[in-house]
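>>> build me a model from this:
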Amino acid sequence: RMSEYGVLNTTFPRNLLVAIGRQDVLFNLNQVAGEWLPPVFGVQEVSPERLYGDFNSGTARKLLAPATTHLLEPVDPAVVSETVVWMSSALKPSEASRIGLPEEGLTYPYREIMMLLSVFSLVGLTFPVSTLISLKPPGRKAVGVEHGSIKDWKIMVIWGALSIALLLPTFPLGFSLAFPPVLFGSSIAWWLLTVAITGILLIMFVIPRFSGVSLRMRKLMVESFKWQEVSAAISLFLMLYLIVYLIDLSLGINLWIFVPIFRVLRTPARIALFLTFIPFFLVFFYVEGIYLHVLREGSGKSGFLSEALAMGRTIGIKIAPYILIMALQYIPMFLLDVKPLTSFTGFLIEFLPLITLQFTISTACSWWLHRLTSSIGMGTVFNTLMFAWISAGVFPFGAFG
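Next up, the predicted model:
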């Protein structure tokens, strides 16, 4: 087959290992093994896990098909283990038959765990620091709420349904309106902005008719974005960025190796990109703050356990719809070997684990800052800056050229 690397055949590239998960929604394994790879492997049909050719002549070929998804292929134990052995065999063909993994195995799973913990640890620094700048009595009713509240399950259904329903139709919008100009990042930005606009229209024109909730939006917005809350949120964000920057500058260590979603913005283009994401995320997190913290009825209980449960309940309202969609997709995949959604739609589901992780963090932050200030403004600004930072550092340029 023709590719950007050249014409693949039985001798080029040398010693080729192909890894495709059986649950990879972008590829049909039968088509790959029966049509695409046979000319490259020099056989009529390729059998997964079987070694073809030999390393000495550079014709070694193998198709690896572990039970994993497109997203998890790079960290799947079978893929990682086979890759290590394969590279060793390719570099030392005379020893290929004797090469194996050491008895103690690979350490990369521990690295992935520590990377995840480091993400939570870095963001978690904002919790104790923010207690020093508590601005209002906790639990005070938000200004702009006339009366009424909405039950948690209704909030989850409304906000979750909006997020899930608008994901598919708005994601291609980012490819046609390539602004911010990064692959997938523009789609995420337009998706969240569309969710926010739809959500605010529901608050203004639909929800009051069925719930009795009355909001004075102008008063709520003015109260939310007092200079104290805005400056405090910016200070917390700058603290996190300064930590990453100083470690990178003084120790010569790229902290993103340990905290992969937070990277130093090294170029003017990346800094400009950071600024372009801010309007999208600011609107989204403000509207989400209304749903998660203003429209809901507070528990009125204090104490560590009660507050921990309140935070967990808020996070659950936010991420439960994503978990449900992932369960509907992945449970049939792994138990029945059936892919409910494939192609582009199935590929979008691959984003949900990463999105869910980031939304868990942002919801915890917004709940905590709302608890301290009785306002959604501080959490809105902090999450906006944090998500703009993540997006400006992670998504690749040049995809729309």
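>>> alpha carbons only for contacts and neighbour counts from here, please
Will do.
>>> so the nearest residue to Leu369 once chain neighbours are set aside is in which element?
Distance criterion Cα to Cα, 6 or more residues apart in numbering; nearest residue to Leu369, sequence neighbours excluded, is Gly379 at 5.5 Å. Per DSSP states H and E: Gly379 is located in helix 377-394.
>>> so which elements touch that helix?
helix 227-251, helix 268-289, helix 352-373 (3 or more Cα pairs under 8 Å, 6 or more residues apart in numbering; DSSP states H and E).
>>> right, and these - which one's nearest Glu307?
Set against Glu307 and scored by Cα to Cα, the helices and strands packed on helix 377-394 come closest in helix 352-373, at 9.2 Å.
>>> now do the closest one: distance to the chain's middle.
Here the centre of helix 352-373 is set off from its chain's centre by 12 Å, with Cα atoms, centre = their mean, to the nearest Å.
>>> low-confidence ranges, the stretch 201-350 of the chain, go.
The model of the stretch 201-350 of the chain has pLDDT under 70 over residues 251-260, 297-302.
>>> go with 90
204-224, 226-229, 243-264, 266, 295-308, 333-350 (pLDDT under 90).
>>> one more: the stretch 51-200 of the chain?
Filtered on pLDDT under 90, the stretch 51-200 of the chain yields the residue ranges 54-56, 67-78, 80-85, 87-123, 130-150, 167-179, 181-184.
>>> burial of Ser186, as a residue count?
24 (other Cα atoms under 10 Å).
>>> so who does the residue nearest to Leu369 touch?
Ala233, Phe285, Gly289, Cys365, Ser366, Trp367, Leu369, His370 (Cα atoms under 8 Å, 6 or more residues apart in numbering).
>>> so how far is whatever helix or strand Ile331 lives in from its chain's centroid?
Using DSSP H and E, Ile331 falls within helix 304-336. Mean C-alpha position of helix 304-336 versus that of the full chain (Cα atoms, centre = their mean) differs by 15 Å.
>>> CA atoms only: put the very next helix or strand once past it into CSV for me.
Later in the chain than helix 304-336, the nearest helix or strand by DSSP H and E is helix 343-349. Only the C-alpha atoms of helix 343-349 are listed here, as CSV (Å, rounded to 0.1, in the frame of the first residue of the first chain):
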residue,chain,number,x,y,z
SER,A,343,-15.7,4.7,12.3
PHE,A,344,-15.8,8.4,13.2
THR,A,345,-18.6,8.1,15.7
GLY,A,346,-16.8,5.3,17.5
PHE,A,347,-13.6,7.3,17.4
LEU,A,348,-15.3,10.2,19.2
ILE,A,349,-16.0,7.8,22.1
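>>> report the distance from helix 343-349 to the chain centre.
15 Å.
>>> from the contacts of Gly379, keep the buried residues only.
When those are checked for burial by 16 or more other Cα atoms under 10 Å, the buried set is Ala233, Phe285, Gly289, Cys365, Ser366, Trp367, Leu369, His370.
>>> Arg14 and Ala60, how far apart?
Distance of Arg14 to Ala60, given as Cα to Cα, to the nearest Å: 7 Å.
>>> so what sits against both of these two?
In contact with both Arg14 and Ala60: no residue, using Cα under 8 Å, 6+ apart.
>>> the two - which one has more neighbours?
Neighbour totals were compared for Arg14 and Ala60, and Ala60 leads with 23 against 18 (other Cα under 10 Å).
>>> would you check that the more buried one makes contact with Val18?
No: Ala60 is beyond contact range of Val18, at 11.1 Å (criterion: Cα atoms under 8 Å).
>>> list residues touching both of those two?
Common contacts of Ala60 and Val18 (Cα under 8 Å, 6+ apart): none found.
>>> show me where the stretch 51-200 of the chain has strands.
Under the criterion DSSP state E, counting those that start in this stretch, the stretch 51-200 of the chain contains strands at 51-52, 61-64, 145-147.
>>> give the burial count for the closest residue to Phe387 other than its chain neighbours, as a bare number.
Of all residues beyond its chain neighbours, the one nearest Phe387 is Phe281 (7.3 Å), with distances taken as Cα to Cα, 6+ apart. By other Cα under 10 Å, the residues close to Phe281 number 25.
>>> Phe281 and Ser391: what is the separation?
From Phe281 to Ser391 the distance is 10 Å (Cα to Cα).
>>> contact partners for Phe344?
Leu26.
>>> can you offset everything so residue one is 36?
All set: I'll call the first residue 36, so the last point we hit is now Phe379.
>>> among the buried ones among the contacts of Gly414, which one sits closest to Leu237?
Scanning those for proximity to Leu237, where the rule is Cα to Cα, the winner is Gly324, at 14.4 Å.
>>> distance check, the nearest residue to Thr395 once chain neighbours are set aside against Val164.
Spatially, and ignoring its direct neighbours in sequence, Thr395 is nearest to Ile350 (6.0 Å; Cα to Cα, 6+ apart). Per Cα to Cα, Ile350 is found 21 Å from Val164.
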